[in-house]
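Trainee: only geometry, no sequence info:
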């Protein structure tokens, strides 16, 4: 067991829907591994076809195509052990949707042969393959839509769970290794354990069972998208597994995909972060792969076994990680397009478009940007100069100032033939001229794609014009709150020098200094954004948290007084003061407005472009929304009444 | 058992997300039922909150709200038996997503008391409620995302399936009835039966088990959307259950919701069609509710028991049903908006916009339509006159002809400052002026919503301009192929007189008579739509079928010769001839173009409006699409080579 075995963790940049590219890359890497005497090479879950390919999973020919790739990969395993993820299909059986059966599978070949598995023949499946049991079906995951769980096959075939999870036994130079293969979510079994643990001594635990059945080490192949805090959660998961098993615990090789995949409405980054956990459940950071980078990490298994340390790793701050995820999101989206588009960016002079331009410049270079400022009489000299400054700072060579007033007039003239134009409609005319008549056409003319510059708060409240600034091919900051937008702008200026004009960035209390430019749509005179930055951001974070909060929760927090309220929302008393949230009546009216407005603007999100996902719930197909209006629940009505009664109609919470 | 019991089947028009409305309506109907001596009133699945509310299911306050409605309904059951669908939550347990546990439940109360259930206490759940076992997770269904299956609870609690499915026992005037409660998909257990039937004598069958456990009759409450052929399939389902159980079989009361719900990207109609199956498994059509109509059907259970007949029912043709579903879709969408919008319809003079205007006129009346024709120099007098004729036929009072050439010129002038405008971009400028600068602004000005007039073939191929004719708030014919559009236009003219100008409707071979107007976008001179109507429609139907077909399948059919090919695709030899599909090389090139083009235009569908669903797979959130380009599989490449080799590079299939 202490024999040397060189293991290659291959953090592949998996291209969803492009088996021909993934296969070629895998074959290259397999050859490279052989030439460097790697004994075992491991690729991520769904390495061949990608993971988020949507309903293409329902196509038999697509699945046949991926199955055919297995033969090629099996052939390529001459002289090496090869582990990777792909689909496995069984046309003799059906999924519960009535279609042919599909499993999310891990393959293991050695010397062109599938490795024997002690139970597979009992389960009616071939050697050299094992299936995922736990299928995530939350957020943007639709695994149960497509795949059949291993655990259901096990039950269907009348095999016990304890018997079913067996390691693969293989030999390297005459030494035997028991390899416990697992796929992604199978490591995260805690929420699933109830179903299968009734009347059992041992709780349901695929990894623990593999170890108890003799696995010398665990391989977990994953297609696990980036979220902030995921690595810490995984470390905790492994630690808790280690505590369960104690001295029985074995090393874990974790191989995750990197790159970007999408579900139509979201651009989802896979961070990689492939790593090794030692027998104490600690990451050996010297072998941890870089985030977001395709990489082949090589380690000798004997070194893993010898590692006795408890390691610590300083993680990057949240917004730095989000910045990196967005950069990666833009880059891989760009790569996916295959035709090197220009990026058409409308610069209003405000912070959102400035940040987007900066991110795009960092991701693909400012020579790929065509920027423009499209003023009317409502646009101040200040915002126009901010836009120009940014262009200079980012060294954007193609920049157009195109005043649109005449076009607006012409459009207005035509529309007036049907009646008078209300104020809001008049504002929208301008935004649509910008987004559609100019920017989207510039994209068509200049081999380009248009960016959507909206942030999550604007997207939530629909504070943008459909067919105007809602337009775009990609929304790089569509999952950042305004608080995060400001903070990322500050961080960028701190790290890269003053790229984003400082006058559009407020201080941490959201105050703009004397010469600053508070956010405005500039669609009429003296317009100012109606959002309470910081506070509304906090509401939005609560509403879109994984454990969704609602207006009822906000009222309950409020009932408990300002300190509790501020703590739960994560806002400062200064902000509470700034927005006079102590005015009970205004506070409730604002909360009702906020809630209704989010729901009312679903129709815009239905037609909005893909958002780069960086939170625990992004608009798109992560948060799934049906159109209907918000009406207050019984509880909301009661709470509202209680609060108004107790604090007095114009009562002030701080006086209680 | 032959005692009279009056049962009310209440086909409620369920408003998704509006418990206050549903509750009020239910309370009214309960009172009405009492006043007409109904003993038992049955409402559909998820009658209280609606079914398709998306991630609002994840909000605790929403679920609490619905649970609170249960108390009110329980109170209302004084003097009546009340059955209805609603959520049941158990905060002491978790779903596999880590959130609090939710079940899709059926409630049964009598005289303000929950009816006792023999097993519920063993399962740790209260009386008067039973849960759905089988959770659809295909198409637009996301049940497994939200709800916990009853069958998993049963396993978790170590109870046998045979024991778990028990009827509720209740008495009416001293007579006892065993009522087997089931929810929607539980009737459709065939695709689920494998998981739970290993080592069992009796296959998994919730309804059969209820009957074997003594149910006198079955109640199935559903929220089952309309699809063509569903009623026949349900009849077959019941027939097959009847065959299994034979003389044991008992009557089934089926209560389905009507109305329209949405998932953001699709507008989904619920047809109702509530009905009664007698002991022979035949529908008693005299008690069948109307399609799409809110209705309270009353029947005496003794009459059901006496019914011995085998009944036949002539069903309406497919397109008539689709026409009705669209009308209902528009009406309920309109109702959902709560503010009686005007419908802004751009009339090109072509068949698609003509059909949309006719459907909207039939659904909400032509006085709610504001129509316009927006010509440039490329628009023929013919199409302009067709548009005007339609306006006259439909009696649309508000109609504007707004020539847009000047606005196009102004827009062009501004864009030219950045370079020359390629031809396609120039075409798009016009479409965007129409869709955005005029129509979407008209909607803003005139309290209106804009219709999207695209058909499914155009939507598939992206043969529409983003921010131009892709715009809209609702796409009434977005799930009809062009073949269906033509046929529905013909049907409408036949039934209602010549509403749609006949010059835009071809004959059944898609030939336009001498004065006819073949479809054209009229964005440049002599433009003609590139689609092979009829044939491309057939390809699209195959590609989007429930069992998805792919280009590989098409090539395999082609290999077997023209008759086989035509039969599989459902096209005529005349059409094969018309499009010269016998030209092998051109045929393959066209197939590749068709496949690639569908995939390439996903970006437009991401930003397109909700489509009224009338097929077995509609674009939107029924078909879930990730963006990536199509590349030919190994099989496609082989088949292509075989076909080209066998038939010769310029070979003709008909010569083989």
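Mentor: Looks like it came in fine. Owing to the predicted nature of the structure, the values given are computational and were not obtained by experimental measurement.
Trainee: quick one: list the elements packing against the helix or strand where residue A:641 lies.
Mentor: Secondary-structure assignment from DSSP states H and E places residue A:641 in helix A:634-647. The contact analysis (3 or more C-beta pairs under 8 Å, 6 or more residues apart in numbering or on different chains; DSSP states H and E) places helix A:634-647 against helix A:551-559, helix A:584-600, helix B:60-76. From N, CA and C alone the C-beta is placed, and that goes for glycine too.
Trainee: give me the angle between the second one and helix A:551-559.
Mentor: Going back to what we said before, that points to helix A:584-600. Interaxial angle of helix A:584-600 relative to helix A:551-559 (axes from the mean of the first three to the mean of the last three C-alpha atoms, to 10 degrees): 160 degrees.
Trainee: gap between helix A:584-600 and the chain center?
Mentor: In terms of C-alpha atoms, centre = their mean, to the nearest Å, the gap separating the centre of helix A:584-600 from the centre of its chain is 28 Å.
Trainee: could you check the angle helix B:60-76 makes with the helix holding residue A:641?
Mentor: 100 degrees.
Trainee: quick check: residues of the stretch 351-500 of chain A near chain B?
Mentor: Residues of the stretch 351-500 of chain A lying close to chain B by C-beta under 8 Å from any C-beta of the partner chain are A:370, A:372, A:400, A:402, A:404, A:406-407, A:410-411, A:414-415, A:417-422, A:424-425, A:428-429, A:432-433, A:435-438, A:440-442, A:444-446, A:466-467, A:471, A:473.
Trainee: and the stretch 201-350 of chain A, by the same measure?
Mentor: Selection of the stretch 201-350 of chain A residues close to chain B by C-beta under 8 Å from any C-beta yields A:261, A:262, A:263, A:264, A:265, A:336, A:338.
Trainee: how far away is the last one from residue A:8?
Mentor: Between residue A:338 and residue A:8 the computed distance is 29 Å (C-beta to C-beta, to the nearest Å).
Trainee: again, but for residue A:155
Mentor: Using C-beta to C-beta, we find residue A:155 at a distance of 36 Å from residue A:8.
Trainee: higher neighbour count, the two?
Mentor: Ranked by neighbour count (other C-beta atoms under 10 Å in any protein chain shown), residue A:155 and residue A:8 place residue A:8 first, with 27 against 20.
Trainee: and the more buried one, what does it touch?
Mentor: Neighbour list for residue A:8: A:29, A:33, A:36, A:38, A:40, A:41, A:42, A:296, A:297, A:298 [criterion: C-beta atoms under 8 Å, 6 or more residues apart in numbering or on different chains].
Trainee: out of these, list just those in helices.
Mentor: A:29, A:33 (DSSP state H).
Trainee: with neighbour count and pLDDT as extra columns, can I get the contacts of residue A:8 in a markdown table?
Mentor: Formatted as a markdown table, these follow (neighbours: other C-beta atoms under 10 Å in any protein chain shown; pLDDT from 0 to 100):
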| residue | neighbour count | pLDDT |
| --- | --- | --- |
| A:29 | 19 | 98 |
| A:33 | 24 | 98 |
| A:36 | 11 | 96 |
| A:38 | 23 | 97 |
| A:40 | 23 | 97 |
| A:41 | 26 | 98 |
| A:42 | 31 | 98 |
| A:296 | 18 | 97 |
| A:297 | 21 | 96 |
| A:298 | 15 | 97 |
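Trainee: scan chain A for its longest strand.
Mentor: Under DSSP state E, the strand in chain A containing the largest number of residues is strand A:81-94.
Trainee: between that strand and helix A:60-76, how many degrees?
Mentor: Orientation check (the same axes, to 10 degrees): strand A:81-94 against helix A:60-76 gives 150 degrees.
Trainee: now the element after strand A:81-94, going C-ward?
Mentor: Next in sequence after strand A:81-94, counting helices and strands by DSSP H and E, comes strand A:100-110.
Trainee: partners of the helix or strand that comes right after that following strand in the sheet?
Mentor: Counting by DSSP H and E, the next helix or strand C-terminal to strand A:100-110 is strand A:113-114. Paired strands of strand A:113-114, with direction, are strand A:100-110 (antiparallel) (DSSP bridges).
Trainee: pLDDT value on the residue located most distally from the centre of chain A, please?
Mentor: The centre of chain A is farthest from one residue, residue A:417, which by C-alpha atoms, centre = their mean lies 47.2 Å away. Looking at residue A:417, its pLDDT is 97.
Trainee: now residue A:203
Mentor: Predicted confidence (pLDDT) for residue A:203: 63.
Trainee: identify the residues contacting stretch A:165-177?
Mentor: With C-beta under 8 Å, 6+ apart as the test, stretch A:165-177 has contacts from A:1, A:3, A:5, A:39-40, A:81, A:108, A:110, A:115-119, A:128, A:130, A:178-181, A:206, A:209-210, A:213-217.
Trainee: please list the members of those residues that lie in strands.
Mentor: Counting by DSSP E, the contacts of stretch A:165-177 place A:40, A:81, A:108, A:110, A:130, A:178, A:179, A:180, A:181, A:217 in strands.
Trainee: ok so, going back, PyMOL command for the buried members of the contacts of stretch A:165-177?
Mentor: Command for PyMOL that selects the buried part of these, burial taken from 16 or more other C-beta atoms under 10 Å in any protein chain shown:
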select buried, chain A and resi 5+39+40+81+108+110+115+117+119+128+130+178+179+180+181+206+209+210+213+215+216+217
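Trainee: picking that back up, of all the ones in strands among the contacts of stretch A:165-177, which comes closest to chain B?
Mentor: When those are compared for distance to chain B (C-beta to the nearest C-beta), residue A:130 wins out at 19.0 Å.
Trainee: does the closest one really touch residue A:105, like I thought?
Mentor: Yes - using C-beta atoms under 8 Å, residue A:130 is in contact with residue A:105, at 6.8 Å.
Trainee: shared neighbours, the two?
Mentor: residue A:183.
Trainee: so residue A:449, which state does it fall into?
Mentor: With DSSP: H, G, I helix; E, B strand; the rest coil as the basis, residue A:449 sits in strand.
Trainee: could you measure it against residue A:339, distance?
Mentor: With distances taken as C-beta to C-beta, residue A:449 is found 10 Å from residue A:339.
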